[in-house]
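Participant: Structural data only, the sequence is not supplied:
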């Protein structure tokens, strides 16, 4: 296998072909293992010992909490009924819960009165406690069985388990907070005003973004090395890595843990499951669709985390962050984040040493080494181009990020990455031998591991662990096929569980990301492709290309939605109190169902629904029967100018009794600060076309008072609107025409009344 060797070519190719076939078989087994291990554990029945977490028992609690399955957004009567059931469960378990009321505002300008439920379990020692939390409110569109009543049911079952066993070293605070869906309002109220916040020494949060799947430990806060270590020592089926929190910090997503991350260096662990994301924040997030297996995994993970943290030193927790990943869902491999640069240097030294030794033995040429360095970036760029083309081709089959039958599309992106990477390797390895290409590939991986170890430690393990294995195997003098195959298998074992999650996490965009990541994985096959003969250099790429085409065609012809995996389609009734015009609005991704469009005289072209809408917001509109409802009012109580600033005191009311009211302030007003009912609203950039919107989701009957400071003093036109959930009786025809594979999302179907106000 030496460069320029006179070893029989046919024999060499047969051996390399067998090595490539073996590597591909091992990759397939690693993929199968990743898929199998992404399934959460079997739920335990009600008959298991009381010291164990039982999804059977927790599911009965979940059924009771959901009651009739109605949505229960913050401030609603349904939310009050859910809260009373939570209190009853805690009292039945022997706790003495309290309700902490507060009023909080998000940075997006949404405010509400919240009512958090808090209970305590004392520990053996006084001092700090572990906070275990989940939120009990839902979005207006659905009952929130997964998000987050499964978390609440798991918390209550954990509360039962902890009370039946011996006391932990430190106490546990149970926080079931309100208003998370409205902007993390309950958590904000707790951290800002609850005396119990001073008791918190570490925290565990339970969340969901779907209705099934494994419970991922996807986010950490503060110095997480000790928290991860204490969790890892007790968990039975970990699914986690430092990649998750590293990437999550760059995404526009928040949970209640976000609030705590902004208020100090508390160590925290965040858990969520993300399967069936098309049900998220819709009526399909119901009890029937809530996975008992996900509930079991959620509870097992959170119980292990609470026990581990509560037995640690909460008064003086060790500092430092960790790099970590689970191995076969059995153990968590971890090391201090500061060690990653040193491991990167070691990996680079090992792979360079292997290259130098190969050169001295005469089995490496610098040209093949250079091509080995190039093969991964070349494959990455070509895969990016082809995968973008595939994404554009499938865009019509993906009206939303997630579809009912995604398997063919997933397979197409995996196969495209394999095909492009193999052909790239074939083109670059027409001359040369295994040693040069092996060295080039793994020196590049070592360099990437070193760079990530310096600047993005949480991701570094993806490159460092395989590169270290490659360097050690080469220097150990093992047979060449094993030197080429072993690190490829390590790559697959570490990378495939992450890549498998990308579709559930990001939808069609996740498939594009998966193709790019797989280019790194498949590029490690280059040394075997270099001398693989016709099988690896011709027939394998052709077969994979044919399979990719077949899968792409299947994805194109598959129905994108089903009742089990629905599309989002929201209906609104809007009445402009100034003109008296009333209209239906349909919001969702086109094409719209013909039966729905036929139920009213909808225009064929979408329009910007409101003057204050974000620039890209569009909806179809049709005339609707008049609502004849009283318009919201924004009264000026005080108006003065001081120091070039205009100071206003306003009162927002809804004469028709809508639960939510919104004030829309134009950019020209030069808004500087807002208080709603005495609570300062965090300021951020305008939400749409320069407009700033401020909403009270729990608008009292007497109204809500706003104190506003403006940089502009001239009169301007503002808008005020109120919102109630559901449609009037005149909307029955539209509701009946909405197909079974379509559901409302987020705020659901709403009735809006607006008017222009000169301020």
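Facilitator: Good, I have the coordinates. Bear in mind the structure is a predicted one, so any value in this text is a computation, not a measurement.

Participant: what are the phi and psi angles of residue 325?
Facilitator: Backbone torsions for residue 325, taken as degrees, to the nearest 10, come to phi -160, psi 150.

Participant: brain fart, residue 724
Facilitator: With angles defined as degrees, to the nearest 10, residue 724 sits at phi -120, psi 150.

Participant: Check whether it really touches residue 659, as I assumed.
Facilitator: Yes: with contacts counted by Cβ atoms under 8 Å, residue 724 reaches residue 659, the gap being 6.4 Å. Where C-beta positions appear, they are placed from N, C-alpha and C, glycine not excepted.

Participant: Run through the stretch 451-600 of the chain and note the low-pLDDT ranges.
Facilitator: By pLDDT under 70, the low-scoring segments of the stretch 451-600 of the chain are 478-481.

Participant: Could I get the full set of strands for it?
Facilitator: Using DSSP state E, counting those that start in this stretch, the strands of the stretch 451-600 of the chain run over 567-576, 582-588.

Participant: could I get those strands as a markdown table with distance to residue 261 and mean neighbour count?
Facilitator: A markdown table is the format used below for the strands of the stretch 451-600 of the chain (distance: least, Cβ to Cβ, whole Å; neighbours: other Cβ atoms under 10 Å):
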| stretch | distance to residue 261 | mean neighbour count |
| --- | --- | --- |
| strand 567-576 | 30 | 22 |
| strand 582-588 | 33 | 22 |
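
Participant: Kindly reformat the ones you listed as TSV containing distance to residue 378.
Facilitator: Listed next are these as TSV, based on distance: least, Cβ to Cβ, whole Å:
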stretch	distance to residue 378
strand 567-576	39
strand 582-588	41
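
Participant: nearest to residue 748, of those?
Facilitator: Ranking those by proximity to residue 748 (Cβ to Cβ) places strand 567-576 first, at 6.7 Å.

Participant: Enumerate every residue touching residue 336.
Facilitator: Listed by Cβ atoms under 8 Å, 6 or more residues apart in numbering, the contact set of residue 336 reads 225, 320-323.

Participant: Need phi/psi at it.
Facilitator: Per-residue torsions, residue 336: phi -60, psi 140 (degrees, to the nearest 10).

Participant: hey, what's it bridged with?
Facilitator: residue 322 (DSSP bridges).

Participant: Look up how far residue 321 lies from it.
Facilitator: 8 Å (Cβ to Cβ, to the nearest Å).

Participant: between these two, what contacts are shared?
Facilitator: Common contacts of residue 336 and residue 321 (Cβ under 8 Å, 6+ apart): residue 225.

Participant: what about stretch 726-741, start to end distance?
Facilitator: End-to-end distance of stretch 726-741 (Cα to Cα, to the nearest Å): 19 Å.

Participant: Show me how far it is from its chain's centre.
Facilitator: Here stretch 726-741 is found 31 Å from its chain centre; the criterion is Cα atoms, centre = their mean, to the nearest Å.

Participant: List of residues touching it?
Facilitator: By Cβ under 8 Å, 6+ apart, stretch 726-741 touches 404, 561-563, 565-567, 569, 571, 573, 584, 593, 595-596, 598-600, 624-625, 627, 748-751.

Participant: The residues you listed in helices, which ones?
Facilitator: Among these, the members found in helices (DSSP state H) are 595-596, 598.

Participant: What subset of these is buried?
Facilitator: Among those, those buried by neighbour count (16 or more other Cβ atoms under 10 Å) are residue 596.

Participant: Looking at the ones in helices among the contacts of stretch 726-741, spot the one nearest residue 384.
Facilitator: Taking Cβ to Cβ as the measure, residue 384 lies nearest residue 596 of those, at 38.3 Å.

Participant: residue nearest the centroid of this protein?
Facilitator: With distances taken as Cα atoms, centre = their mean, the residue of the chain nearest its centroid is residue 505 (5.6 Å).

Participant: what's the closest non-adjacent residue to that one?
Facilitator: Among residues not flanking residue 505 along the chain, residue 274 sits closest, at 6.0 Å (Cβ to Cβ, 6 or more residues apart in numbering).

Participant: Could you report the distance from that neighbour to residue 159?
Facilitator: From residue 274 to residue 159 the distance is 25 Å (Cβ to Cβ).

Participant: how much space between residue 244 and residue 219?
Facilitator: Note on residue 244: its distance to residue 219, by Cβ to Cβ, is 7 Å.

Participant: cool, and residue 334?
Facilitator: The spacing between residue 334 and residue 219, counted by Cβ to Cβ, is 16 Å.

Participant: Which stretch among the strands of the stretch 451-600 of the chain approaches residue 392 most closely?
Facilitator: Closest to residue 392 of these, according to Cβ to Cβ: strand 567-576, at 20.5 Å.

Participant: Sheet partners, orientation included, of the closest one?
Facilitator: So strand 567-576, judged by DSSP bridges, has these partners: strand 582-588 (antiparallel), strand 742-743 (parallel), strand 750-758 (parallel).

Participant: pLDDT below threshold where in the protein?
Facilitator: Short version for the chain, where the test is pLDDT under 70: 1-17, 431-432, 478-481, 685-689.

Participant: Select the longest strand from this structure.
Facilitator: Longest strand of the chain, by residue count under DSSP state E: strand 110-121.

Participant: how far does that one sit from the chain's center?
Facilitator: Put simply, strand 110-121 sits 24 Å off its chain's centre (Cα atoms, centre = their mean).

Participant: Following the chain onward from that strand, which element is next?
Facilitator: Using DSSP states H and E, the helix or strand that directly follows strand 110-121 along the chain is strand 129-135.

Participant: So which residues of the stretch 101-250 of the chain form helices?
Facilitator: 151-164, 185-193, 225-232, 243-248 (DSSP state H, counting those that start in this stretch).

Participant: May I see the buried residues of stretch 158-166?
Facilitator: For stretch 158-166, the neighbour count (16+ other Cβ under 10 Å) marks 158-162 as buried.

Participant: for stretch 589-601, same thing?
Facilitator: Using 16+ other Cβ under 10 Å as the test for burial, stretch 589-601 gives 592-593, 596-597, 599-600.

Participant: ok, now stretch 528-542?
Facilitator: For stretch 528-542, burial by neighbour count (16+ other Cβ under 10 Å) applies to 528-533, 535-537, 540-541.

Participant: export these to CSV and tack on distance to residue 301?
Facilitator: Formatted as CSV, these follow (distance: Cβ to Cβ, whole Å):
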residue, distance to residue 301
528, 39
529, 41
530, 44
531, 46
532, 43
533, 48
535, 44
536, 42
537, 46
540, 40
541, 42
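
Participant: Sort out for me which of those are in helices.
Facilitator: 528-529, 533, 540-541.

Participant: Which single one of those residues is nearest to residue 380?
Facilitator: Nearest to residue 380 among these, with distances taken as Cβ to Cβ, is residue 529, at 16.2 Å.

Participant: and the closest one, what does it touch?
Facilitator: Counting by Cβ under 8 Å, 6+ apart, residue 529 has contacts 20, 422, 425-426, 429, 536-537.

Participant: Can you tell me how far it is from residue 650?
Facilitator: In terms of Cβ to Cβ, residue 529 sits 70 Å off from residue 650.

Participant: Also residue 147?
Facilitator: 34 Å.

Participant: And those two? Which one has more around it.
Facilitator: Shown here are residue 147 and residue 650; by other Cβ atoms under 10 Å, residue 147 has more neighbours (28 against 24).
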